[in-house]
Each structure stands twice: as C-alpha cells, then as structure tokens.
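Peer 1: Structure here, sequence nowhere to be found:
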C-alpha cells in the first residue's frame, strides 16, 4: 500500500499533485487555477497556427503548436476578436491628451509639461497569464505617442506571483519580447509610498518569507531595517519599464494589489480599462465584489470589461461546469449570475454607472460577411449549430464610469467597427442581429427554450432534459417523427427515434414525445453492420408510402455517411437497404440515392449546361440493393410520386449540386 501510494503521488499534472496533498479538486487552489493558463495558451496557439488570428508573439510563449478541434479553434478565435476589438476601441477613443482630468482635485495646479508626452489612458489586464495583447498593441503602434493614431497608454499586466515569475523568465529569454518591453526600470513614483507601504506588500524571496515567519517578533524588531526595496520587488517580483509594468499579486488581496499597482505607477485619474478574461469566475465572490467596488470607487473614469460564462442549467452549461470541476477550477460565478441581465446588475450593485453585455454568438453574427467567410473556409467544419450554442454561453461585458468611455457600451457594434477590413456595407444588419443581448431579450441568440424540446408532459416524463438540434424530422398523418441530432444530458450526438402524437389537435398541451426505438450501440459506418442507425446529425427523414426513409448525415466533418434505412412506424423496426455489389457502377460523387421505379439512365449534362441534371438509378424495390452513392449531409429529400428525390448538401468534395 505504501508503494502504491508513493507511485500515485509521483504522478504528473494537477490531479496527481492534489491527490498527494489531499486538497479537494473543486477547492479552486491557485495551482489549478493557474494551470488553466497553460491549457488556454496552447489552445490560442492552435487557433493562431490554423490561420484564424494573427499573433506574431504567441510562439514566444508556446514554441510548438498542438492541434485543437475546429470548434475549440473557433471559440478561441471569437474570444480573441472580442478582446482585440475592445482594446482597439478603447485606445481609439478621443480622450483628453492630459488624461481626461477625471480624478484631479479642484484648484490643483497643473504639473509642468514633461519632456515626453503624458500618458492619456491605461490598461490593466487582470489575470493576464501568457496573454500577448500588450505586444500586439505595441507592434500595431497603438501605444506609441509618436505614431499619429498612438495613444501613449500605460499597460499593467497582473497575475499570481508564480505565473508572473514564469512570464518574466519567458520575456527575458526572448529577444523579441525583451526588445518590446525595454530594460530600463523607471524611478520610484513617490518616496512616501514606500515609507507608508505595509510590510506584507513588499514581496520577499520564498526563503526570506520562511525565515521571517520563524523569527520572533522582538528579534525582528532588533534587526536593522533593510534598504529600500527595488521597484520590481514592490511590484511582486514583476517588471517595470517605460511601456510595460508586470505586477504579481493575488486578486483576493486587494490592499496589496492597490499598493503594488501604485508602486508600478498606476494613475487613478487616467481613463482606465480593466480587462478580465475568464478570471473573476475562479475567485470567491466576496473578493470579486470588493474588487469591483474598489475599481469603481478609485477610478472615476473607467471601464471594466469581463469575458465569462453564463447559462448553467441547460445541457451544455452542465457539461461546461463538469469540465471545469474536473480540472479543479470550479466556475463560482455562473450559478449566482446565470444571465446577461444578472451580470449587468452585478456591476451596477458594485457602483458602476452603466453596464452592457452581449454573447459571443451575437458578436460573431455581427462580423463582416467577408471575415466570416474567411473563417469558415479555414477548416472543414459543419457543426454551425453547436458552435452557435457554445457561443451563446460566453459573453463580453462592459461596465462604465464617467462619460468619455460610454461609446464602449454599444455592444457589439463598438467592437465590430474597429475590426480591420470592416468597411461600410460589410457589417451584419443590426436589425437582424439586434443591438445587444442584455438590452433586448427578443434579439437574443437561440437558447434552450428556442431549440426543439423533446420533453414528455405526461405523468411519466422521459427525461428531464431532452432538447436537441440538427435532427432529421418528418411529418406523418399521425404525428411528427424525429431522429438523431445533438443534445441530451451528455451534450453529444443521439441516435434514437422519437414520436410526437399530434392526433389530439384540440389539446396541444397534451402532446408528448416518446422514444420508440433505442439508440444504436454501433456507430454508423463501422465494419460491423448495426441493427439500427447510429447517432448522426444533418440527415434526412422522409415519409414515403407508409415508411420513413433515413438517408445520409454525418458523424464528424470528415466522416459523412451514405447509408439508407427504412423505419416502420407500426412495428418500430429498422431495416437497412444493403449496398450494391462491387460490379454495380457508382453514381457520381455529387449524387444521392433515389428509390424511383421505372427510371432510365440519362446522358450526362453538357459542359455548357449550368443547371444540375437528375441522375436516374436503375429500378429497384425499397428493400433491395442500391448503387453506392456519395456520402453527404445537409441535403434535402422529398417524396415525389413513387420515389424519393435527394438534392444538394455537402460531400467530401465540397458542395453537392446534382439531383438523384
């Protein structure tokens, strides 16, 4: 037992560390919270490597790119767009060149003009991790006062001391990053500040801290006072150069945070942007409330922007929370503030004058059409509904104090307007997309209430949560049938057939969905032929001559299907139409199956004919062998006369334009 326990504690990663220490995973220990930075930066690196976003500096933090799935890449893309656009919109505001004068005392004499232009605003990135926003903004000339559009903004990155130490090492090891931040430390902003600083503010080395805890108080009093600490020590062993200040501090230690930011040279009178990307949700809510009130009270001209999660009660919300619980970084805010309105009220209660929020789904729909087309062509990915549903669970919020920063409340338009290439006429229609989610609930993106809900309303409900989308459905005289799709408690693909009895038209409230065929345990397309169709999305279900015809769909963007099934609504039996023998000629790659009797083969269309020509297959009965056809999804299928006509969709070669 001792050997086994020792072997487990010697494992690698957060789980093994907490197994060794006995700390619960869901305790949000700083070690596991910091580990979310490592996972996040690798995903950002994957997104950049795939061509979604331009970041020339991220490779300095993550040299090798690991490939993430398309939905992960797109999720981090829209997150990067939100942050980048917010920074550009803030730095482009017509702020006073003297910093706005928002916090200066009346009658105070103006300071003599400095040799270099005075900063006009400042950015404070809370929980920065390995974020590269400073380097990108500086490379774009947005922080350079010598550039016509430059803002001469002060920049403060804040995170745990351990993460700050790692960031310092990476910056110093990179010539590119070192040149960007510079090497000259700035003089102390105020000697009085250091005299008044509390002892715990000065960050000592780990060994010194340990010795200080062991030394008796009287013995410490007899020790000669040390010399003045360096500015880097006052900043939590970070960095302090002319353009860039890196501060190490736990956000829950608010008194220490304020002292270290002041030591780094922050000016509460300047217009300030506080930026938080998935940070506040890991901090205990009492500390977050104090932080929000502190920022609102000390910075009279400021905007606090946060990117977090909402909607915890649906299938994706439960799945999302389970993921973060598993890695030991519980989402603490999502239950307390589950909606955009609740998030805005949270900031209003903390003293912020106005707050506005919008989901990432709304932001994505506001992107220029050219940009959306570019993004959607990067990787083969067709789960648009799943991406939209995921984006509906993430939001960006801006809370504002003062008047100069109010333009940032026009979410998402203020973000989209600064995207390079967003010219007049290319933006999405505001009337179609809505001004912003938190301001107009009628324009919110699709939520669980708007998705098809397969819920039994009788005395014996099937499941508590059965919503789904991307399913195939067909209307029959007795009711509506639905197969497959994505959803359920596991937030994955499902492979069952459900029926909605609509015969009692006078009492639609009594209609209920019932599952009439169990899901297949064998994935479609596997070597072993299943007895029922496997889970899939974007298939078609067609009512034809008393049976339901299921055709095509896909498992993943690179795994389309071409199997065809018949479902009998009385016996609830599935029957697969077997594929044709090898000698049977295959249909062209852009055609699909048809059970059209008395059909004759027609000549191929000429090159000059722009219209698709139907491909007629040999006469067969519905249960006999069919020629092998191209796998496809997102096609249409309609019962016409004696057969089923399939048109269009997507196949491995691209868009399928022929008729079968």
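Peer 2: Arrived safely. None of the values given here were measured: they were computed from a predicted structure.
Peer 1: the strands in the stretch 1-150 of the chain, which residues?
Peer 2: 121-126 (DSSP state E, counting those that start in this stretch).
Peer 1: And the helices in it?
Peer 2: 2-9, 14-21, 30-49, 70-91, 133-139 (DSSP state H, counting those that start in this stretch).
Peer 1: same check, this time on the stretch 351-500 of the chain
Peer 2: Using DSSP H, counting those that start in this stretch, helices in the stretch 351-500 of the chain cover 360-366, 369-376, 384-391, 413-416, 430-433.
Peer 1: of all these, which gets the most neighbours per residue?
Peer 2: helix 360-366 (a mean of 25; mean count of other C-beta atoms under 10 Å). All C-beta spots, glycine's among them, are computed from the backbone N, C-alpha and C.
Peer 1: ok, back up a step: ranking the helices of the stretch 1-150 of the chain by mean pLDDT, which is last?
Peer 2: Ranked on mean pLDDT, the bottom entry among the helices of the stretch 1-150 of the chain is helix 14-21, at a mean of 33.
Peer 1: now residue 62: how far from residue 76?
Peer 2: Counting by C-beta to C-beta, to the nearest Å, the gap from residue 62 to residue 76 is 13 Å.
Peer 1: Figure out which of the helices of the stretch 351-500 of the chain is closest to residue 156.
Peer 2: helix 413-416 (22.0 Å; C-beta to C-beta).
Peer 1: Okay, and the beta partners of residue 497?
Peer 2: residue 483, residue 517 (DSSP bridges).
Peer 1: And the strand or helix carrying residue 176, what's buried?
Peer 2: Here residue 176, judged by DSSP states H and E, is contained in helix 175-181. Going by neighbour count (16 or more other C-beta atoms under 10 Å), the buried part of helix 175-181 is 177, 180-181.
Peer 1: okay, these in JSON lines with pLDDT and distance to residue 564 next?
Peer 2: Below are the buried residues of helix 175-181 laid out as JSON lines (pLDDT from 0 to 100; distance: C-beta to C-beta, whole Å):
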{"residue": "177", "pLDDT": "95", "distance to residue 564": "57"}
{"residue": "180", "pLDDT": "93", "distance to residue 564": "59"}
{"residue": "181", "pLDDT": "92", "distance to residue 564": "62"}
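Peer 1: and which of those residues is nearest residue 274?
Peer 2: With C-beta to C-beta as the yardstick, the closest approach to residue 274 among the buried residues of helix 175-181 comes from residue 181, at 20.9 Å.
Peer 1: The closest one: what's it in contact with?
Peer 2: Counting by C-beta atoms under 8 Å, 6 or more residues apart in numbering, residue 181 touches 171, 239, 241, 243-244.
Peer 1: And those, which is closest to residue 321?
Peer 2: residue 171 (34.4 Å).
Peer 1: Just to be sure, that closest one is in a helix?
Peer 2: Yes: remark: residue 171 belongs to a helix, assigned using DSSP: H, G, I helix; E, B strand; the rest coil.
Peer 1: Test my guess that it contacts residue 182.
Peer 2: No: between residue 171 and residue 182 there is no contact under C-beta atoms under 8 Å: 10.6 Å.
Peer 1: residues contacting residue 81?
Peer 2: Here residue 81 is in contact with 53, 363, 367, 415, 419 (C-beta under 8 Å, 6+ apart).
Peer 1: Check residue 246 too.
Peer 2: 128, 156-157, 164, 167-168, 235, 238-240.
Peer 1: just residue 90 next, same as before
Peer 2: With C-beta under 8 Å, 6+ apart, residue 90 has these contacts: 121, 123, 273, 303, 405, 408.
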